[in-house]
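[1] dropping the sequence and predicted coords here.
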Amino acid sequence: MRRRWVLAACAASVLTAAPAQAVEPFVGRWAINPTACTSFGDSAATTPLIATDTNLRWFAGSCRIGKMYKLGQVVYIQARCFGDAAADVPITLDARGDRMRVTWNNAKTEELRRCK
(Lines give C-alpha, C1' and ligand atoms only; values in the text may rest on other atoms or scores of the structure.)
Protein backbone atom coordinates (compact mmCIF):
# COMPACT_ATOMS: atom_id res chain seq x y z
CA MET A 1 0.00 0.00 0.00
CA ARG A 2 2.82 2.38 0.89
CA ARG A 3 4.45 1.67 -2.46
CA ARG A 4 1.34 2.90 -4.31
CA TRP A 5 1.45 6.18 -2.37
CA VAL A 6 5.11 6.66 -3.22
CA LEU A 7 4.47 5.96 -6.91
CA ALA A 8 1.48 8.30 -6.94
CA ALA A 9 3.53 11.05 -5.28
CA CYS A 10 6.36 10.59 -7.80
CA ALA A 11 3.93 10.72 -10.72
CA ALA A 12 2.29 13.88 -9.37
CA SER A 13 5.63 15.61 -8.90
CA VAL A 14 6.68 14.77 -12.47
CA LEU A 15 3.43 16.17 -13.86
CA THR A 16 3.70 19.40 -11.90
CA ALA A 17 7.45 19.84 -12.49
CA ALA A 18 7.24 19.72 -16.29
CA PRO A 19 6.41 23.13 -17.76
CA ALA A 20 3.33 23.30 -19.96
CA GLN A 21 4.15 24.16 -23.54
CA ALA A 22 1.71 26.59 -25.13
CA VAL A 23 0.95 26.36 -28.82
CA GLU A 24 1.74 29.51 -30.75
CA PRO A 25 -1.41 31.21 -32.13
CA PHE A 26 -0.05 31.06 -35.70
CA VAL A 27 0.32 27.25 -35.70
CA GLY A 28 -2.16 25.59 -38.06
CA ARG A 29 -3.42 25.71 -41.63
CA TRP A 30 -4.50 29.09 -43.03
CA ALA A 31 -5.84 30.25 -46.40
CA ILE A 32 -7.13 33.38 -48.11
CA ASN A 33 -10.08 31.44 -49.48
CA PRO A 34 -11.65 28.37 -47.76
CA THR A 35 -11.43 26.42 -51.03
CA ALA A 36 -7.63 26.73 -50.88
CA CYS A 37 -7.48 24.91 -47.53
CA THR A 38 -7.20 21.53 -49.23
CA SER A 39 -5.50 22.46 -52.49
CA PHE A 40 -1.95 23.33 -53.46
CA GLY A 41 -1.55 25.97 -56.12
CA ASP A 42 1.08 28.46 -57.14
CA SER A 43 -0.23 31.67 -55.57
CA ALA A 44 -1.29 33.07 -52.20
CA ALA A 45 -4.94 32.72 -53.20
CA THR A 46 -4.71 29.03 -54.14
CA THR A 47 -2.35 27.58 -51.51
CA PRO A 48 -2.75 27.19 -47.74
CA LEU A 49 -0.08 28.46 -45.39
CA ILE A 50 0.89 25.56 -43.12
CA ALA A 51 2.62 26.62 -39.92
CA THR A 52 4.21 24.58 -37.16
CA ASP A 53 6.34 25.89 -34.32
CA THR A 54 9.50 25.19 -36.40
CA ASN A 55 8.44 25.38 -40.09
CA LEU A 56 6.32 27.38 -42.52
CA ARG A 57 5.13 26.26 -45.94
CA TRP A 58 3.30 28.38 -48.47
CA PHE A 59 3.27 28.89 -52.24
CA ALA A 60 6.48 30.89 -51.96
CA GLY A 61 8.45 28.02 -50.45
CA SER A 62 9.16 25.76 -47.55
CA CYS A 63 10.95 27.43 -44.66
CA ARG A 64 12.60 26.59 -41.37
CA ILE A 65 12.07 29.18 -38.65
CA GLY A 66 15.40 30.64 -37.58
CA LYS A 67 15.14 33.72 -35.41
CA MET A 68 11.77 34.71 -34.01
CA TYR A 69 10.61 37.46 -31.68
CA LYS A 70 7.26 38.84 -30.61
CA LEU A 71 6.05 42.37 -30.18
CA GLY A 72 2.61 42.11 -28.57
CA GLN A 73 0.73 39.50 -30.60
CA VAL A 74 2.77 40.02 -33.75
CA VAL A 75 5.48 37.45 -34.50
CA TYR A 76 8.51 38.50 -36.54
CA ILE A 77 10.41 35.63 -38.13
CA GLN A 78 13.67 35.32 -40.01
CA ALA A 79 13.22 32.05 -41.91
CA ARG A 80 15.55 29.97 -44.06
CA CYS A 81 13.51 29.11 -47.13
CA PHE A 82 14.17 26.51 -49.79
CA GLY A 83 12.81 26.46 -53.30
CA ASP A 84 14.63 27.42 -56.47
CA ALA A 85 17.40 28.72 -54.20
CA ALA A 86 17.94 28.93 -50.45
CA ALA A 87 17.33 32.37 -48.98
CA ASP A 88 16.70 34.13 -45.68
CA VAL A 89 13.18 35.55 -45.74
CA PRO A 90 11.52 37.98 -43.31
CA ILE A 91 7.99 36.89 -42.38
CA THR A 92 5.48 38.65 -40.14
CA LEU A 93 2.51 36.76 -38.66
CA ASP A 94 -0.28 38.55 -36.79
CA ALA A 95 -2.77 35.88 -35.67
CA ARG A 96 -5.91 37.05 -33.89
CA GLY A 97 -8.51 34.35 -33.39
CA ASP A 98 -9.42 32.73 -36.69
CA ARG A 99 -7.74 35.42 -38.82
CA MET A 100 -4.09 36.10 -39.51
CA ARG A 101 -2.31 38.86 -41.40
CA VAL A 102 0.82 37.62 -43.18
CA THR A 103 3.64 39.60 -44.73
CA TRP A 104 6.05 37.30 -46.57
CA ASN A 105 9.37 38.70 -47.80
CA ASN A 106 8.13 42.32 -47.61
CA ALA A 107 5.38 41.63 -50.18
CA LYS A 108 1.77 42.80 -49.86
CA THR A 109 0.15 41.83 -46.55
CA GLU A 110 -2.41 39.06 -46.98
CA GLU A 111 -5.39 38.35 -44.71
CA LEU A 112 -5.85 34.61 -44.09
CA ARG A 113 -8.47 32.59 -42.24
CA ARG A 114 -7.88 29.46 -40.20
CA CYS A 115 -8.89 26.31 -42.11
CA LYS A 116 -11.42 24.05 -40.46
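    Looks like it arrived, so ask away. The model shown is predicted, which means the values in this text are computed figures rather than measured ones. Residues are numbered from 1 along each chain as shown.
[2] buried ones in stretch 78-97, by neighbour count?
    Neighbour-count burial for stretch 78-97, with 16 or more other Cβ atoms under 10 Å as criterion, is recorded at 79, 81, 89, 91, 93-95. (C-beta placed from N, C-alpha, C; glycine too.)
[3] how about stretch 63-78?
    Using 16+ other Cβ under 10 Å as the test for burial, stretch 63-78 gives 63, 65, 75, 77.
[4] now for those: which two are most distant?
    Longest distance between any two of these is 13.4 Å, between 63 and 75; criterion Cβ to Cβ.
[5] for the protein, which segments count as helices?
    For the chain, the helices defined by DSSP state H occupy 2-17.
[6] what's the overlap in contacts for residue 63 and residue 75?
    Taking Cβ atoms under 8 Å, 6 or more residues apart in numbering as the contact rule, residue 63 and residue 75 have no neighbour in common.
[7] with respect to residue 24, which of the buried residues of stretch 63-78 is nearest?
    Each of these was scored against residue 24 by Cβ to Cβ, and residue 75 proved nearest at 7.1 Å.
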